[in-house]
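S.K.: Let me see the structure of the following:
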Amino acid sequence: DIESVCALCFKKGIWRESSNPSMIVGYVGSAYTSDNDYLFNDVDEKISDFFNVDNLNDQLKEKIQNIKGHYSFVLETQDYVLAVVDRIRSYPIYYTDTDNILISNSVSDVQGSLNLNDIDNTSLLEFKMSGYIIGRETLYKGVYQLLPGEYLLYDKKNKKRHRERYYQYGLGGYKSTQKTEAEILEELHQLHLKIFSEMIESLDGRPVWIPLSGGLDSRFILGMLLELKYDNITTFSYGPDKFWEIKRAKEIANFLNIKWHHISYDPKQTRKLFDTKDREAYYKYAWGVNAVPVLNDYYAILMMRKSNFIPDNAVFINGQSGDFLTGGHIPDTNEADNYLAALLENIINKNSSLWEDLKTEDNLNYITEKILSIINISSKDKISRTDLAKYYEFYEWQERQCKFVVNGQRVYEWFGYDWRLPLWHDELM
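M.R.: Numbering: from 1, shown residues only. Sure thing, here's the model as predicted:
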């Protein structure tokens, strides 16, 4: 028997477990290698073949870099524990930094097992200012989270932990090319066709539900599915009746002859739904003591379920985060005299300005130093305009996108639905 230092939670049926005499694996999502070998099919055999379970250190980083998809897993043997999250931290993993290490997909299990209930006041400040906690900390002292593109290896005999980043977004250089704009666009389209074709194969004909806004990303999702002749699609939009995006979404759905539902949001109705035990339980499931849970889709799905609109085998596909991946979040700094100052100002204005009364001099100094530590530069450094874009996108990817935006997928899981994020495909990143 393996003496475990893991505490995995399987309450929602999202995570699965498999074991044999030499290892235990808890896993979620879909993980595959560059030759399309899916690791979670016959997981015992595939994981044993892929990793050297007798010596997990053997070319570990290189092997993890070869895994694609949206997934997390925890592999435990007699001597080691390996915890891995994907490039966008699709499914969070938590761990402690105490003598009695504990690794889990459930932060409440970590807290309960080791009685770690002391609030970190600096993390609380970050949470109030940003809606999420910056870095690997959580709201509670001694409880940490793996960041996107990281793995943690724990040597059980020597009680040593090794955490390493195998992927990071945005801090590399830009590739020069001699291709024309038309050639680049065609290359991108062929990649989109490949990504969406693979996704359609994984759907196995199931009904797709798309939250359709008035913007481009969800419209692109819908367009690609229709181009590839996938027609088992329903769209929906939510919000006040006169909201411009509702009108635009309806026009798009009618033009394409696609089923569409409008879920009207009334403040009194949403307040009533907020003050329920189900919403409280969803918050406990989704927030992970590091980010405010997403509520927008929650109300819409809840109301549609009460009307029996959504089949149990539906798969939700939203447009996150096409605007980010196409550079749409890079701030306009053409007139900046000091690019580092402009970088910090734009990050704070976008990410840490939920409450103006919290933007005191002391708090802003603290947040500034935290941001500099995350992007690993000094306040005395000079950066270029290109550097500004790279650092800004890196911070946005690690902190806001992967902790807050991607965490919005929890709402689909809460109601028992599967999801896909084709615009966060590894090859697009």
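S.K.: Can you pull out the low-pLDDT segments for the stretch 151-300 of the chain?
M.R.: 171-174 (pLDDT under 70).
S.K.: what ranges do the strands span in it?
M.R.: 160-165, 208-211, 233-239, 259-264 (DSSP state E, counting those that start in this stretch).
S.K.: With distance to N296 and mean neighbour count as new columns, can these be given to me in a markdown table?
M.R.: All C-beta spots, glycine's among them, are computed from the backbone N, C-alpha and C. Compiled in a markdown table, the strands of the stretch 151-300 of the chain are given as follows (distance: least, Cβ to Cβ, whole Å; neighbours: other Cβ atoms under 10 Å):
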| stretch | distance to N296 | mean neighbour count |
| --- | --- | --- |
| strand 160-165 | 31 | 13 |
| strand 208-211 | 8 | 24 |
| strand 233-239 | 7 | 22 |
| strand 259-264 | 10 | 17 |
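S.K.: Could you pick out the longest helix of this structure?
M.R.: Criterion DSSP state H: the longest helix present in the chain is helix 181-203.
S.K.: ok, residues contacting that helix?
M.R.: Contact with helix 181-203 is made by 30, 177, 179, 224-225, 227-228, 230, 315, 317, 420, 422, 425, 427-428, as judged by Cβ atoms under 8 Å, 6 or more residues apart in numbering.
S.K.: State the distance from the residue nearest to N232 when sequence neighbours are not counted to K259.
M.R.: Nearest residue to N232 in three dimensions, chain neighbours excluded: P207, at 5.0 Å (Cβ to Cβ, 6 or more residues apart in numbering). With distances taken as Cβ to Cβ, to the nearest Å, P207 is found 10 Å from K259.
S.K.: okay, and the common contacts of those two?
M.R.: With Cβ under 8 Å, 6+ apart, P207 and K259 have common neighbours 233-234.
S.K.: Please point out which parts of the longest helix of the chain sit buried.
M.R.: Using 16 or more other Cβ atoms under 10 Å as the test for burial, helix 181-203 gives 192, 195-196, 199-200, 203.
S.K.: Please apply the same query to stretch 216-235.
M.R.: Neighbour counts over stretch 216-235 (16+ other Cβ under 10 Å) mark 217-222, 224-225, 230, 233-235 as buried.
S.K.: Run through the helices of the stretch 51-200 of the chain in chain order.
M.R.: In the stretch 51-200 of the chain, the helices defined using DSSP state H, counting those that start in this stretch lie at 60-65, 107-114, 121-130, 181-203.
S.K.: Can you tell me which of those is nearest to D362?
M.R.: helix 121-130 (9.8 Å; Cβ to Cβ).
S.K.: which strands and helices sit next to that closest one?
M.R.: Applying 3 or more Cβ pairs under 8 Å, 6 or more residues apart in numbering; DSSP states H and E, one finds that helix 121-130 contacts helix 361-375.
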